[in-house]
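[1] Pasting the sequence and the predicted coordinates here, then a few questions.
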Amino acid sequence: MSIKDFRITHKSLKKFIPLKLIAIVIIAAMICGSLIGGLIVLKLDLPEIRQLDHMRPPSITNIYSRNDDILDEWFIEKREHLSYSEIPQILIKAILTTEDRSFYSHNGVCIRGVLRAIFKDIVAGKYVEGASTITQQLAKTLFLTNEKKITRKIKEAILSFQLERRYTKNEILTRYLNQVYFGSGAYGIKSAANIYFGKKIKELTIAECALIAGLPKAPSWYSPLINIKKALRRRNIVLKQMFDTGIISQTEYQSAKKSAIHLKKKELAHNRPVFFLDIVKTTLEERFGSEYIYQKGLSVQTTIDADLQHAAEQAVEKHLKIIEDRNPNLQAEDLQAAVVVIQNASGNILAMVGGRKQKENYYNRALKARRQPGSAIKPLIYAHAIEKNYSQASLILDAPVIYGKWRPENYSKTYSGDITLRKALALSLNIPCVRLLDQLGLPSVLGFCKKMGLHVSKDQNLTFALGSSEISLMELTTAYMVFPNQGIFIQPNVIHQVKDRRDRILWVHRPQKRWVMSKDGAAIMCDMLKSVVNEGTAKKAQILDIQVAGKTGTTDHSKDAWFIGFSVNICIGVWVGTDSNKSIGPRETGGRTALPIWIDIMKTACDKFGKKNFEIPENTLYVSVDVNTGEKSQGRHSTLMLMKK
């Protein structure tokens, strides 16, 4: 037989194989080829499932006080992980009942569910049901977007098959429960239990498990923090499903259905030391960057003392209310106060109040507001005089004086003639301080103030002696801290140390110190400022059973009231005023207005940090001096003054 006998003609082909069948085969081959090619392309575009083993979701950065109390948590997504054994079975069953009843029988994609969803979508004429299994939801959460496209669903299916091959069902379920979004900032079931109910996961009731299980369907829609009625209806639907599938008994169903939703009490933002935390955040961002501190799960121990912070907040609220009661015309919403509490030896900020806590505007008046300090600036001028070999007993004339067109006056409108520096400071007399500034020279004094940490412009005049320049409470308190620190300036600090998630130390703060005045001069200033408490405008502070020193400050028309004072261990600055720069009220001086707040806080500080007397350097000694004449004397007008040998 020749090869010609095997030739098939066009006519014979038509006879044995219809052309329609050939066309169908060709088209089917093209479709299959396109699908296979498309799947290959999609698969090449998919992430490696192996990446999941090394994925680390953003962790929570915890902020602690110096006493290790939790102050705040910073995170992009609050996601806390649990193992499978830590998750209550009743919650697992509730999730499976509402999200994926065939989870343990399918291979990642439920074909029956897909067909059912397609039918519903066709009937509705739009996308109404996704038919995603828990595995698919996990794949989408970890690797894909929420776009409603067929390509995304194909990718989701491929990834789901891969997940099922690589991990056990319990591993997939555990990852899902730790990753899924439950609304209101809760990622994972542990966060959901805490955010909604303030409970640990094992403390949840059946009703609470049902509420959580109903959230993934539409977290923003069913969150009880957004709409309690919708959340209740959704919870009851889940409870009915749990009863219908035999997870709970009829008694349990009826009891859970009748139970009310008891949500976690909302923590008000002002219960957190928001002004202090703002500085902590700025400091960390400058050192590590914003992305790092929000994602790396740091452990930050700050310098704040919880007891002193509470005492400061309580003192502000208590005494501002007293001020308002005695000044009925004062608008309550306008009266403000600021407090800074610093540990002298370390520079650690132990407490900070930037304003009244009911205010929604967290403008930090302790750090950012610049106000006239009044007589609270005077100790820096006297300190410079002591460094220039003046003594406490040096005399200065307290009598009317005119500088050009300016005629300064004492608050009392009375004058004492020649007076010692000690007495002039204790009584906060204006004229002697202006004369002293003139004698020392304004540029020299401004240079000294700059060394002490004040940011003042060179464009000043002799009114600087009366507190005409604008200074922040933090600057002035830090400057006063030099006196009990024996002449050492220390930059204030808010962070002790930072650790990573593995408890490795990343950063420990080292105090920044520098000598700005002599040890002898600093000790003499402590002694001079003790006289303000013992003999002058801050006598109320004698109620404290401890050596303290400080200075009051009051501006014209009582727009600002100050008291900056210290013990051996602690320095506290207090400012009271109004945001609108109006008068606080008649006779609202620093001694009457700011000092009572200071006293209440210092009481707590003494209890926590002890009571010590100020040190006397080797090159100084106490001398009995007549406070009026400055001469050495043992008379009834004499007092002991610390002098340089």
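    The structure has been received and is ready for your questions.

[2] can you tell me how far the closest residue to Q491 other than its chain neighbours sits from P216?
    Computed as CB to CB, 6 or more residues apart in numbering, the closest residue to Q491 that is not its neighbour in sequence is Q512, at 4.2 Å. In this view, the C-beta of every residue, glycine as well, is placed from N, C-alpha and C. Q512 sits 51 Å away from P216, going by CB to CB, to the nearest Å.

[3] more neighbours, the two?
    Using other CB atoms under 10 Å, the more surrounded residue of Q512 and P216 is P216, with 21 against 11.

[4] and the more buried one, how far is that from E99?
    For P216 relative to E99 (CB to CB), the value is 6 Å.

[5] Between these two, which contacts overlap?
    By CB atoms under 8 Å, 6 or more residues apart in numbering, P216 and E99 have these common neighbours: Q137.

[6] List phi and psi for the residue nearest the centre of the chain.
    Centroid check for the chain by CA atoms, centre = their mean gives L277 as the closest residue, at 2.9 Å. Phi and psi for L277, reported as degrees, to the nearest 10, are phi -60, psi -30.

[7] Look up how far I304 lies from it.
    To I304, L277 is 9 Å away according to CB to CB.

[8] Give me the common contacts of those two.
    By CB under 8 Å, 6+ apart, L277 and I304 have these common neighbours: L71.

[9] C-terminal to the helix or strand where V238 lies, which secondary structure element comes first?
    Per DSSP states H and E: V238 is located in helix 228-244. Where DSSP H and E defines the elements, the next helix or strand beyond helix 228-244 is helix 250-258.

[10] Pull out the buried residues from that following helix.
    Judged by neighbour count (16 or more other CB atoms under 10 Å), helix 250-258 contains these buried residues: E252, Y253, A256, K257.

[11] Can you name the residues in contact with it?
    Around helix 250-258, the neighbours that count as contacts under CB under 8 Å, 6+ apart are T205, I206, A207, A210, N236, L239, K240, M242, F243, I248.

[12] Can you select the buried ones among these for me in ChimeraX?
    Selection command for ChimeraX covering only the buried members of the contacts of helix 250-258, criterion 16+ other CB under 10 Å:
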select :205,206,207,210,236,239,242,243,248
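
[13] Make TSV out of the contacts of helix 250-258 and add distance to S416 and pLDDT.
    Output for the contacts of helix 250-258, formatted as TSV (distance: CB to CB, whole Å; pLDDT from 0 to 100):
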residue	distance to S416	pLDDT
T205	77	96
I206	82	96
A207	78	96
A210	81	96
N236	83	96
L239	84	96
K240	89	96
M242	87	96
F243	90	96
I248	88	95
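
[14] if we can go back for a sec, quick check: which element contains the residue nearest to the residue nearest to the centre of the chain when sequence neighbours are not counted?
    Spatial nearest neighbour of L277, excluding adjacent residues (CB to CB, 6+ apart): D72 at 5.6 Å. Here D72, judged by DSSP H and E, is contained in strand 70-74.

[15] measure D100 to Y222 for me?
    From D100 over to Y222 (counting by CB to CB), the distance is 18 Å.

[16] quick one: which of these two has more around it?
    When D100 and Y222 are compared for neighbours, Y222 comes out ahead with 23 against 20, by other CB under 10 Å.

[17] Would you agree the more buried one is in contact with G183?
    Yes. Taking contacts as CB atoms under 8 Å, Y222 lies within contact range of G183: 7.0 Å.
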